[in-house]
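J.: structure for this input, please:
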Amino acid sequence: MATTSAKAAEKQGVTQNVEAFLKGRFSDAQKRFQGLEGEANKAFRALETRSQVAAKEVQALWTKVQAGELRADPRVQELTKKVDEAGVELRKRLDGLQAKVVEAVGVASQSQVQQITQELGRLSKKLDVLLKPTRRAHPSTKNSGGAASSPRA
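T.: Model (predicted):
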């Protein structure tokens with residue numbers, strides 16, 4: 001009896017340790033995710049503010065474009081360059097944040113899935129090549145019935 005209760009107490013202790021460990025890991029993952037979410041929100045707000053400023057500039061310039069004043073204006077060219085740079089920066093930041101979120105969650109990225117798919121395709125072809133000789137080597141096993149394959153009179 002004493003050993004049974006000792007084993008039960010030991011199992012319960014192990015279960016509690018595992019449960020505490022898993023809760024700790026889950027809590028850490030939630031904190032990391034919240035941190036990444038906060039970082040993403042900050043970046044989004046900053047980019048939203050920048051886009052509002054740029055939108056005002058674009059609207060002012062658009063009215064001038066419609067009036068025909070800005071066809072060769074260097075400021076239009078400068079604004080185009082700024083917009084392109086902001087777009088590139090936005091894509092880089094969002095790609096980085098997406099990669100961090102994917103890493104934190106533990107899900108494969110699209111590029112990883114594509115690599116896995118390519119590897120599976122390559123391995124399937126190798127497997128087909130390896131299996132074809134064995135299929136060709138035993139063609140008589142399919143119709144080994146002899147009399148069953150010939151018509152009866």
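
J.: all helices for this structure, in order.
T.: Taking DSSP state H as the test, the helices found in the chain are 2-67, 74-105, 110-137.

J.: take these and lay them out in TSV including mean pLDDT and mean neighbour count.
T.: C-beta coordinates here come from the backbone N, C-alpha and C atoms, glycine included. TSV is the format used below for the helices of the chain (pLDDT from 0 to 100; neighbours: other C-beta atoms under 10 Å):
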stretch	mean pLDDT	mean neighbour count
helix 2-67	85	11
helix 74-105	87	12
helix 110-137	85	10
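
J.: can you tell me the closest non-neighbouring residue to the residue nearest to the spatial centre of the chain?
T.: Among the residues of the chain, the one closest to the centroid is residue 109, at 2.4 Å (C-alpha atoms, centre = their mean). Distance criterion C-beta to C-beta, 6 or more residues apart in numbering; nearest residue to residue 109, sequence neighbours excluded, is residue 102 at 5.1 Å.

J.: how near is residue 20 to residue 14?
T.: 11 Å (C-beta to C-beta, to the nearest Å).

J.: please apply the same query to residue 27.
T.: 20 Å.

J.: what's the answer for residue 41, then?
T.: Using C-beta to C-beta, residue 41 is found at 40 Å from residue 14.

J.: what do you get for residue 127?
T.: Residue 127 is 42 Å from residue 14, by C-beta to C-beta.

J.: for residue 81, same thing?
T.: To residue 14, residue 81 is 63 Å away according to C-beta to C-beta.

J.: check the burial of residue 73 by counting its neighbours.
T.: Neighbour count of residue 73, defined by other C-beta atoms under 10 Å: 13.
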